[in-house]
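Student: Predicted model and sequence below, questions to follow.
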Amino acid sequence: MSARVAPAGRPPMRSLLGAALLAVALLLPVTLPLFQVTLLVNVMIFAIVAVGLVLLTGVVGLTSFGQAAFMGVGAYTTALLTAQHHVSPWLSLPVGLAITALIAWVLGLVTLRMQGHYLPLATIAWGISLYYVFGNTPALGGFTGITDIPPVPVLGARLTSPRTFAYLALAALLLVMALSTNLLRSRVGRAMRALRGGPVVGEAFGVNNVRLKIEVFVLSALFASVAGWLYAHAQRFVNPTPFSLAAGIEVLFMAVVGGVQSVLGAVFGAALITELREVLQDVLPALLRVHGNFEVIVFGILVIVILQFARRGLWPLIERLLPPEPPRLLPAGPALGTPTPPAPGTPLLTVEGASKQFGGLRAVDDVSFDLHAGEILGLIGPNGAGKSTMFNLITGVSAASAGRITFAGQDVTGADAGTIHRLGMARTFQHVRVLPDLTLLENAMMGGYARVRAGVPRSMLHLERAEEAALQQEAMTQLERVGLGAQAFALAGNLPLGQQRVLEVARALVAAPTLLLLDEPAAGLRYGEKQDLAALLRRLRGEGLTILIVEHDMDLVMNLVDRLVVMNSGRTLAEGTPAHVRGNPAVREAYLGVDVDAPGAA
Ligand SMILES: Nc1ncnc2c1ncn2[C@@H]1O[C@H](COP(=O)(O)OP(=O)(O)OP(=O)(O)O)[C@@H](O)[C@H]1O
């Protein structure tokens, strides 16, 4: 491990700023006028809901309009149990959380298996219906609601004043912020970020995307439920209005205006919208000389303007002025266990009579070949030959219509991408799929998702330090192996395409694969970059790695691979060494107009 990964000694500027902000937050409840403290409590409560939306909407890319309704579940559960059945608020909190989790899990399970806008639609329906359930249920006080909710007891004191209650709300907000920040920096957080760009990267590295989406949806609902519990005990009464669909949309506004991709952005948005609402509710009716909720119109315009000019909300504009966040470096620990590589020459992958039918088209038609440990096999063919389809059958992205694929001694025909990956196969993508907002190191760590285990709870509590440290070390080793070690802390989005492709190789290597699959790795690269890539792949083969490469660039392939399989119109046209294939008349005909002998031929 290089010296770069040693933990920094001095407290970074950001921590000092954070400490100063915390000191201000601690002083505000005792220094502000009472009215402002009540507003501050509301800001903190809605900030908790908005942080949940950062995880769900900002990071994973799913929209929920029903977060206020989840607040309602927490609020009404505690109202009912504490005001009417004299249960302690500390007992009603877990009950509310359990009910919320169950509802969110069912909603998530039903809607998140399907692609498309089912979750937003379901949360709209949920938000509307819950409002009417609250309003029309006599046991819940109808539209008048439930009054006389008792204050929360803390260490013998009852939090009846907003000044004392503010500290409980602050503690809850800080806890939610810390848990969310830990989660976003973890193995789970990297998988969440990968989801935003579509399911394929996660699937390729062993993430159960549907399960992850449901977990994040439940988690964001739980945050809202905690906020609802706080709201009920702050107001000491509840009615359906604060938990309506309109309220759900307003929380989304908060997150979007503040910055839905960062925890601090959501908190900032909650403060801004809550304060702005207060000001506008005073100013606008006086200005217009009519009573009404005109502030909602202003919020709507604000969201449109912000989405137009600052897609990521206002927080990133402020964050630019702050000192950059230092890289999180974990102290080195025991290394990850590495599987023993198969002996050179061992059959690793066998494709027997594989076919894939798309309607009336046979994209892959009875293709057979095998691949032995330690070799580089090239899969080539003209456009539309069926190479990508074959690649997808091998990696488990799609299932073969007929035939058999065996990898590492196991029949993997029809197995999903994650299962095949866990058997020792890792891949790169034809269209580069790095996570541009993460560092090279974090991108590379994504490759080791299946080598470590921590789930949501351990990640939120940062109890996965040892395995994260080992993974970080492994990622650094692989970045150095491919020549990107010096840029480990740069953002992947700032790299030129050639290096992004190399980063994808490093990410795949972090998985400790026995077989590396490269899908057109030279596409879009300049001549020099192709040369560098070929040199890297030769070096990896020298180190014993087995590689399957699908590629268009004949020059690169002919000078790199040990053997070739040539496909045309879905069928195997030829198979053998580059010299053998080059002399094959059928191959020459298939590549009509392309000089298979010439360097740079494509
Ligand atoms: N999901 C799909 N549905 C229908 N047809 C498909 C699908 N995927 C591929 N095809 C068709 O299958 C054939 C083989 O396509 P494939 O992408 O596998 O070829 P390829 O050799 O990778 O081509 P290229 O080099 O241009 O990427 C093409 O005719 C393509 O249009």
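Tutor: Okay, I see it.
Student: For the residue in the stretch 1-150 of the chain that the ligand sits nearest to, pull up the helix or strand it's in.
Tutor: The minimum distance from the stretch 1-150 of the chain to the ligand, using C-beta to the nearest ligand atom, falls at Q115 (14.8 Å). (Each C-beta comes from the backbone N, C-alpha and C, glycine too.) Of the helices and strands defined by DSSP states H and E, none includes Q115.
Student: what about it, distance to A335?
Tutor: 39 Å (C-beta to C-beta, to the nearest Å).
Student: out of these two, which sits in the more crowded spot?
Tutor: Ranked by neighbour count (other C-beta atoms under 10 Å), Q115 and A335 place A335 first, with 13 against 8.
Student: Not counting its neighbours along the chain, what's nearest the more buried one?
Tutor: Nearest residue to A335, sequence neighbours excluded (C-beta to C-beta, 6 or more residues apart in numbering): A470, at 5.6 Å.
Student: Would you check that my belief about the one you found contacting L336 is correct?
Tutor: Yes - using C-beta atoms under 8 Å, A470 is in contact with L336, at 4.7 Å.
Student: Quick check: neighbours shared by these two?
Tutor: Jointly contacting A470 and L336 under the rule C-beta atoms under 8 Å, 6 or more residues apart in numbering are V452.
Student: These two: who's more crowded?
Tutor: A side-by-side neighbour count of A470 and L336, using other C-beta under 10 Å, places A470 first with 20 against 16.
Student: can you give me the strands for the protein?
Tutor: For the chain, applying DSSP state E gives strands covering 153-154, 157-158, 347-358, 361-372, 376-380, 402-407, 410-411, 425-427, 515-519, 546-550, 563-568, 571-576.
Student: Kindly reformat those as CSV containing mean neighbour count and mean pLDDT.
Tutor: CSV is the format used below for the strands of the chain (neighbours: other C-beta atoms under 10 Å; pLDDT from 0 to 100):
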stretch, mean neighbour count, mean pLDDT
strand 153-154, 14, 94
strand 157-158, 11, 91
strand 347-358, 18, 96
strand 361-372, 19, 96
strand 376-380, 25, 96
strand 402-407, 18, 97
strand 410-411, 12, 96
strand 425-427, 27, 97
strand 515-519, 23, 96
strand 546-550, 25, 96
strand 563-568, 24, 94
strand 571-576, 18, 94
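Student: Up against the ligand, what does the chain have?
Tutor: Residues of the chain found near the ligand (C-beta under 6 Å from any ligand atom) are F358, L361, A363, G381, N383, G384, A385, G386, K387, S388, T389.
Student: Mind checking which of those are in helices?
Tutor: Taking DSSP state H as the definition of helices, the residues of the chain next to the ligand contribute K387, S388, T389.
Student: can you tell me which of these lies nearest to V550?
Tutor: Lowest distance from V550 to these (C-beta to C-beta) belongs to K387, with 4.8 Å.
Student: contacting residues around the residue in the stretch 501-602 of the chain positioned nearest to the ligand?
Tutor: Closest contact between the stretch 501-602 of the chain and the ligand, by C-beta to the nearest ligand atom, is at H552 (6.1 Å). Counting by C-beta under 8 Å, 6+ apart, H552 touches I380, E520, A522, A523, A602.
Student: Quick check: it vs L349, distance?
Tutor: H552 is 21 Å from L349, by C-beta to C-beta.
Student: What backbone torsions are found at the residue of the stretch 1-150 of the chain closest to the ligand?
Tutor: Phi and psi for Q115, reported as degrees, to the nearest 10, are phi -80, psi 160.
Student: And E464, by the same measure?
Tutor: Per-residue torsions, E464: phi -100, psi 30 (degrees, to the nearest 10).
Student: For it, the count of nearby residues, please.
Tutor: Per other C-beta under 10 Å, the neighbour tally for E464 reads 22.
Student: T164 touches A157, doesn't it?
Tutor: Yes - contact status for T164 versus A157: in contact at 6.9 Å, counting by C-beta under 8 Å.
Student: that older thread, format the contacts of H552 as JSON lines; extra columns: distance to E295.
Tutor: Shown next, in JSON lines, are the contacts of H552 (distance: C-beta to C-beta, whole Å):
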{"residue": "I380", "distance to E295": "63"}
{"residue": "E520", "distance to E295": "53"}
{"residue": "A522", "distance to E295": "56"}
{"residue": "A523", "distance to E295": "51"}
{"residue": "A602", "distance to E295": "60"}
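Student: what number of residues lie near the residue in the stretch 151-300 of the chain that the ligand sits nearest to?
Tutor: The minimum distance from the stretch 151-300 of the chain to the ligand, using C-beta to the nearest ligand atom, falls at V200 (13.5 Å). V200 has 17 neighbouring residues, counting by other C-beta under 10 Å.
Student: G61 now?
Tutor: By other C-beta under 10 Å, 15 other residues sit near G61.
Student: One more: L80?
Tutor: L80: 21 surrounding residues under other C-beta under 10 Å.
Student: Just give me the neighbour total for L93.
Tutor: Residues contacting L93 under the criterion other C-beta under 10 Å number 21.
Student: Wait, it touches A75, no?
Tutor: No - counting by C-beta under 8 Å, L93 does not reach A75; the two are 11.1 Å apart.
Student: shared neighbours, the two?
Tutor: Joint contacts of L93 and A75 (C-beta under 8 Å, 6+ apart) are W229.
Student: Report all helices and strands that the helix-or-strand element of the chain with minimal mean pLDDT contacts.
Tutor: Every helix and strand of the chain was ranked by mean pLDDT, DSSP states H and E. The lowest is helix 585-590, at a mean of 84. Where contact means 3 or more C-beta pairs under 8 Å, 6 or more residues apart in numbering; DSSP states H and E, helix 585-590 is packed against strand 563-568, strand 571-576.
Student: Can you tell me what sits against it?
Tutor: Helix 585-590 has contacts (C-beta under 8 Å, 6+ apart) with G381, P382, A385, V566, N568, L573, A574, V581, V596.
Student: contacting residues for the first one?
Tutor: G381 makes contact with K387, V566, M567, N568, L573, A590 under the criterion C-beta under 8 Å, 6+ apart.
Student: can you check the fifth one too?
Tutor: Taking C-beta under 8 Å, 6+ apart as the definition of contact, the neighbours of N568 are G381, P382, A385, A586, A590.
Student: beta partners for it?
Tutor: Beta bridges link N568 to R571, judged by DSSP bridges.
Student: Strictly from the record, what residue spans define the domains of the protein?
Tutor: If you go by automatic domain parsing, the domain ranges for the chain are 47-288+295-319, 344-424+513-602, 437-511.
Student: Mean pLDDT lowest where, among the ones you listed?
Tutor: Looking at those, the lowest mean pLDDT belongs to domain 344-424+513-602 (a mean of 90).
Student: got a list of what the closest residue to H421 other than its chain neighbours touches?
Tutor: Spatial nearest neighbour of H421, excluding adjacent residues (C-beta to C-beta, 6+ apart): G206 at 4.9 Å. Shown in contact with G206 (C-beta under 8 Å, 6+ apart): G418, H421, R422, Y449, A450.
Student: Just the buried ones out of those residues, please.
Tutor: In the contacts of G206, burial by neighbour count holds for G418, H421, Y449, A450, counting by 16 or more other C-beta atoms under 10 Å.
Student: Check whether the first one really touches Y449, as I assumed.
Tutor: No - no contact is recorded between G418 and Y449 when judged using C-beta under 8 Å, the distance being 9.4 Å.
Student: Please enumerate the shared neighbours of the two.
Tutor: Shared contacts of G418 and Y449 (C-beta under 8 Å, 6+ apart): F205, G206, V207.
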